[in-house]
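*Asks:* how would this look folded up:
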Amino acid sequence: MAKTDAQLADGQAANAARRRTFWVGIVCALAGAGLWGVSGACAQHLFSHYGITPMFATAVRSLVATLFFFGVMATRRRYMLELIWKSEPRVKLFFLVFGAALFVDQFAYAMTIAFTNAGTATVLQMLSTVFVMLFTCVMGRHLPKGNEFVGLICAFAATVLIATQGDLGTLVLPAAGLFWGLLNAVCVAIYVLTPRAAGLFDRFGSFAATSVGMLVTCVCSGIAYAIQFAMGAGAPQAVASMDVFGWLVLIGGLAFLGTFVSFGLYLRGVAFVGSVTGSLLGAVEPISASVCACVFLGTAFSGFDWAGLVLMLAMLALVTLAGKPR
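*Replies:* Numbers count the residues shown, from 1 in each chain. This is a model prediction of the structure:
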């Protein structure tokens with residue numbers, strides 16, 4: 001039976017709505033990942049100029065972000081907090097996994113910056129795409145789509161170029177920087193996959209789910225820094241000597257823009273476009289971090305570094321143009 005005009009119109013409207021949702025997700029994911037790059041440059045500045053520890057930076061950024069997240073939730077979405085509080089234990093366990101992954105991700109990212117620089121740390125983080133894509137393909141029992149596979153090759157090639165500087169027999173990065181960078185990538189994959197796989201975004205929305213995840217991160221980082229401080233390794237003298245500009249970079253740049261706004265936007269984008277596409281779009285982060293580090297911090301980048309960034313841009317084009325819904 002032929003479709004009626006009304007049915008055709010409804011189908012066209014539904015397709016248009018899907019396209020709009022897809023592009024909103026693209027913009028949110030790109031904006032969030034770009035602000036992560038800004039946070040990387042802020043962290044590098046704080047470590048090199050003020051001597052604060054990565055754990056202190058992680059504790060402050062998660063605390064400030066949690067206050068903003070729950071400020072919005074308490075004023076506009078309090079009912080959602082009650083719904084999450086009354087959810088079954090299995091759901092709360094997923095929130096714990098999500099928040100713990102966010103905590104380790106932020107700390108490992110800060111440690112990678114401390115051993116390397118903001119641009120290198122964010123490029124290593126892009127290896128999370130490999131883990132996300134492999135897990136998705138295994139669980140779905142399918143091979144990557146053509147554009148996803150080519151994008152993955154571009155991202156992997158970029159990582160290799162920057163890590164080896166063109167000499168495949170030599171690893172230029174410090175071993176500690178590589179370790180923390182790989183751990184960061186694994187944790188990014190976990191916090192990207194967990195909310196979607198567990199249905200947290202579908203049931204509670206990306207903002208509410210991210211708020212609770214950030215609360216878990218805040219508690220974990222607060223406990224970890226308290227232990228570090230009790231052991232005399234929290235660099236309290238560095239914190240005491242911070243000036244107004246340092247606190248502005250920490251609170252405004254690293255915590256507000258680089259954590260609250262960035263995670264809120266990025267995970268909303270992932271909720272719209274999916275885990276694989278969202279993780280690939282995160283490749284804009286090393287571009288943002290490298291440009292910020294180069295322009296504002298004077299970090300030098302080689303031709304291989306910039307070649308890697310060009311490959312990341314090519315991957316972005318593949319994902320956003322070839323992967324958009326018809």
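
*Asks:* low-confidence ranges in the stretch 101-250 of the chain?
*Replies:* 119, 162-163, 167-172, 234-235 (pLDDT under 70).

*Asks:* how about the helices of the stretch 201-326 of the chain, start to end?
*Replies:* 206-230, 236-240, 244-248, 262-273, 275-281, 284-296, 303-317 (DSSP state H, counting those that start in this stretch).

*Asks:* mean neighbour count, these: which tops it?
*Replies:* Comparing the helices of the stretch 201-326 of the chain by mean neighbour count (mean count of other Cβ atoms under 10 Å), helix 275-281 comes out on top with a mean of 27. For glycine as for every other residue, the C-beta is placed from the backbone atoms N, C-alpha and C.

*Asks:* neighbours around Gly146, how many?
*Replies:* Per other Cβ atoms under 10 Å, the neighbour tally for Gly146 reads 11.

*Asks:* now do it against Tyr79, distance only.
*Replies:* 43 Å (Cβ to Cβ, to the nearest Å).

*Asks:* picking that back up, could the helices of the stretch 201-326 of the chain be laid out in JSON lines, adding distance to Leu134?
*Replies:* As requested, those are arranged in JSON lines below (distance: least, Cβ to Cβ, whole Å):
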{"stretch": "helix 206-230", "distance to Leu134": "23"}
{"stretch": "helix 236-240", "distance to Leu134": "40"}
{"stretch": "helix 244-248", "distance to Leu134": "40"}
{"stretch": "helix 262-273", "distance to Leu134": "17"}
{"stretch": "helix 275-281", "distance to Leu134": "10"}
{"stretch": "helix 284-296", "distance to Leu134": "20"}
{"stretch": "helix 303-317", "distance to Leu134": "17"}
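
*Asks:* of these, which is nearest Pro195?
*Replies:* Pro195 sits nearest to helix 206-230 of all those, at 5.2 Å, using Cβ to Cβ.

*Asks:* who are the packing partners of that closest one?
*Replies:* In this structure, helix 206-230 makes packing contacts with helix 54-76, helix 78-85, helix 89-115, helix 175-197, helix 200-204, helix 262-273, judged by 3 or more Cβ pairs under 8 Å, 6 or more residues apart in numbering; DSSP states H and E.

*Asks:* Asn15: which of these is closest?
*Replies:* helix 262-273 (15.3 Å).

*Asks:* the closest one vs helix 175-197, what angle?
*Replies:* Relative orientation of helix 262-273 and helix 175-197, computed by axes from the mean of the first three to the mean of the last three Cα atoms, to 10 degrees: 50 degrees.

*Asks:* run through who's touching helix 262-273.
*Replies:* Counting by Cβ atoms under 8 Å, 6 or more residues apart in numbering, helix 262-273 makes contact with 21-22, 24-36, 38-39, 65, 69, 102, 192, 195-196, 201, 205-207, 209-210, 214, 278-279, 281-282, all of which sit outside it.

*Asks:* need the buried ones from those residues selected in ChimeraX.
*Replies:* Here is the ChimeraX selection string for the buried members of the contacts of helix 262-273, based on 16 or more other Cβ atoms under 10 Å:
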select :22,25,26,27,28,29,30,31,32,33,34,35,36,38,39,65,69,102,192,195,196,201,206,207,209,210,214,278,279,281,282
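
*Asks:* where is the longest helix in the protein?
*Replies:* Longest helix in the chain by number of residues (criterion: DSSP state H): helix 5-50.

*Asks:* can you name every helix or strand that that helix contacts?
*Replies:* Partner elements for helix 5-50 (3+ Cβ pairs under 8 Å, 6+ apart): helix 54-76, helix 89-115, helix 118-125, helix 244-248, helix 262-273, helix 275-281, helix 284-296.

*Asks:* mind listing what's buried along the second one?
*Replies:* What it means is helix 89-115. 94-95, 97-115.

*Asks:* the residue lying closest to Ile113 once chain neighbours are set aside: neighbouring residues, count only.
*Replies:* Once flanking residues are discounted, Ile113 sits nearest to Ala121: 4.6 Å by Cβ to Cβ, 6 or more residues apart in numbering. Counted by other Cβ under 10 Å, the residues lying close to Ala121 total 30.

*Asks:* and if you look at Glu82?
*Replies:* Neighbour count for Glu82, taken as other Cβ under 10 Å: 10.

*Asks:* about what we covered before: now the helices and strands packed on helix 206-230 as JSON lines including distance to Gly253?
*Replies:* Output for the helices and strands packed on helix 206-230, formatted as JSON lines (distance: least, Cβ to Cβ, whole Å):
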{"stretch": "helix 54-76", "distance to Gly253": "10"}
{"stretch": "helix 78-85", "distance to Gly253": "28"}
{"stretch": "helix 89-115", "distance to Gly253": "13"}
{"stretch": "helix 175-197", "distance to Gly253": "19"}
{"stretch": "helix 200-204", "distance to Gly253": "27"}
{"stretch": "helix 262-273", "distance to Gly253": "11"}
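
*Asks:* quick one: closest of those helices to Ala307.
*Replies:* helix 175-197 (19.0 Å).

*Asks:* give me the buried positions along that closest one.
*Replies:* Buried residues in helix 175-197, counting neighbours by 16+ other Cβ under 10 Å, are found at 177-178, 180-196.
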